[in-house]
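In: what's the 3D shape of this:
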Amino acid sequence: MKRLILLLACLTAAACGHGRYGAGIPAAYDAPLDVALARTSRADTLRALLDATPRDEREAMAYLIAHMPQGDLDTLHTGLLRENVALAMQARRTFPWCAALPDSIFLNEVLPYAAVDEIRNSWRADFLARFTRRVAGCRDMRAAVDSVNRSICAEVGVEYNTLREKTNQNPAESMRQHMASCTGLAILLVDALRAVGIPARFAGTPSWSDDRGNHSWTEVWIDGRWHFTEYYPTALDRSWFLADAGRARPGDRTYGIYAVSFRPTGTSFPMVWNETSTDVHACDVTQRYVDLYRAYADDLAEKGTHTTVSFRMFRDAAHAAQSGDRVAANVDVFCGAEQMGGGRTASPTQDMNDVLTFLLPKNRTYTFRYENARGELEELTAAIGEEPQVVTGYME
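Out: Model (predicted):
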């Protein structure tokens, strides 16, 4: 008799479209919730949270609990979880672009309460109020992305600054200091976009291929495709680092490009500021950037609007002929205030044909910036015409 009752209960649950965790939570969550709750001492608290969550928000709550990192599973305040889910679902109902999202995208790229491994804080209510004003009147997601992207700096009052307290600041920490690293800026933009129902995720590389260091940025999902942008925007899929991204190496944990995923993927995001952690899931998206740059460079070559500018660095004017005279240095190139690219010059041991090369619009004046041997900022200005050109810098 007991077995018959249990069978009827299972059949009833299946007919209602939910599993063992109750109405509103599909049976597909049974196994991952079992695993998550078995590895935390707060299992009873989290079960109670699921039970207390409104039925139309339970799947979202279950998604977070099933996939959250161990530290969050053990310590994250349930009030923050309740607020985050309620406001994410409010965005789902409010913004037409969010309402139209596939559930899988909403759950993984709008709902999460964190972008990477930053200290968890309650940002969603503040950002929902701030950026709802900014997207008012936007007819589609692309327009909303553009509005948030172009207004975020003025809205939150944060600028890039290497004097920030730490790399992976949460929004409150960055806004208190009015400064952040590229990582902190990417976190700010991810959260601002998510607040108004735009799928966004943290992306970056542990190091460019010439070992100039790491960089972080943001990706947004529009009409079924991922695009990249930055806190200081130019246009979707366009930035000073696109040529660097085009030289990234698929499958390489040091020189690849990764995008964060809240649900497990089988790999983790290589965080150079927290190298021992594997808690942040990720996807290797390197090949997309390699293909994107190749298509971009081919298009420019066909249009004939750009030319190549090679930059060489030597010890001084008297030592600028031999391989051993060369100096490895980081060089950034600007047109006015806009950064157009960056790279590292060849060292004395590299092939003489290995030259730092930029693809730049023709008939403009550019400024090349680098640190000299005394650690002082040097600026070298060059007018670039129609033909390929070589620019030479000196460290002394």
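In: Let's see the host helix or strand of residue 360 as CSV, backbone CA atoms only.
Out: Per DSSP states H and E, residue 360 falls inside strand 356-361. The C-alpha trace of strand 356-361 is given here as CSV (Å, rounded to 0.1, in the frame of the first residue of the first chain):
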residue,chain,number,x,y,z
LEU,A,356,55.1,45.1,-32.9
THR,A,357,52.5,46.1,-35.6
PHE,A,358,49.3,48.1,-35.3
LEU,A,359,46.5,48.3,-37.9
LEU,A,360,45.4,51.9,-37.8
PRO,A,361,43.1,54.2,-39.8
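In: who touches it?
Out: With contact meaning C-beta atoms under 8 Å, 6 or more residues apart in numbering, strand 356-361 is reached by 243, 297, 300, 305-312, 331, 333, 335, 340-341, 343-346, 366, 384. For the C-beta atoms, the positions are set from N, CA and C on the backbone; glycine is no exception.
In: Whichever of those count as buried, I'd like them selected in ChimeraX; how would that read?
Out: The ChimeraX command for the buried members of those (criterion: 16 or more other C-beta atoms under 10 Å) is given here:
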select :243,306,307,309,311,312,331,333,340,341,343,344,345,346,366,384
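In: Out of the contacts of strand 356-361, list just those in helices.
Out: Among the contacts of strand 356-361, DSSP state H puts 243, 297, 300 in helices.
In: what's the distance between the last one and residue 290?
Out: Think residue 300. Going from residue 300 to residue 290 by C-beta to C-beta, to the nearest Å gives 16 Å.
In: And the first one, by the same measure?
Out: Distance, residue 243 to residue 290, by C-beta to C-beta: 11 Å.
In: Any idea how many residues pack against the residue lying closest to residue 90 once chain neighbours are set aside?
Out: Excluding the flanking residues, the one nearest residue 90 by C-beta to C-beta, 6 or more residues apart in numbering is residue 128, at 7.3 Å. Neighbour count for residue 128, taken as other C-beta atoms under 10 Å: 19.
In: Which of the helices or strands spans residue 128?
Out: Going by DSSP H and E, residue 128 is part of helix 124-135.
In: again with residue 24
Out: Residue 24 belongs to no helix or strand, assigned by DSSP H and E.
In: And the pLDDT at the nearest residue to it once chain neighbours are set aside?
Out: In space, residue 24 comes closest to residue 58 once its chain neighbours are excluded; the distance is 3.6 Å by C-beta to C-beta, 6+ apart. In this model, residue 58 is scored at 98, pLDDT.
In: Contacts for the helix or strand where residue 58 lies, please.
Out: In the assignment (DSSP H and E), residue 58 maps to helix 58-67. Contact partners of helix 58-67, identified using C-beta under 8 Å, 6+ apart, comprise 21-26, 29, 32-33, 35-37, 46, 49-50, 53, 73, 81, 84-85, 88-89, 107, 111-113, 262-264.
In: Please point out which parts of that helix sit buried.
Out: 58-67.
In: and after that helix, which helix or strand comes next?
Out: Using DSSP H and E, the next helix or strand after helix 58-67 towards the C-terminus is helix 70-75.
In: Residue 144 looks like it's in a strand, true?
Out: No: counting by DSSP: H, G, I helix; E, B strand; the rest coil, residue 144 is located in no strand; its state is helix.
In: Residue 112 versus that one, what's the distance?
Out: Noted for residue 144: a distance of 19 Å to residue 112, by C-beta to C-beta.
In: Spell out which helix or strand contains the spatially most central residue of the chain, please.
Out: Centroid check for the chain by C-alpha atoms, centre = their mean gives residue 202 as the closest residue, at 2.3 Å. Using DSSP H and E, the element containing residue 202 is strand 200-205.
In: Pull up the pairing partners for that strand, direction included.
Out: Sheet pairing here is set by DSSP bridges, and for strand 200-205 it gives strand 215-222 (antiparallel), strand 258-261 (antiparallel).
In: what does stretch 119-129 rub up against?
Out: 72, 76-77, 80, 83-84, 87-88, 90-91, 113-114, 170-173, 191-192, 194-196.
In: For PyMOL, what selects the buried ones among those residues?
Out: A single PyMOL command selects the buried members of the contacts of stretch 119-129 (16+ other C-beta under 10 Å):
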select buried, resi 72+76+80+84+87+88+90+91+113+114+170+171+173+191+192+194+195+196
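In: No more questions from me, cheers.
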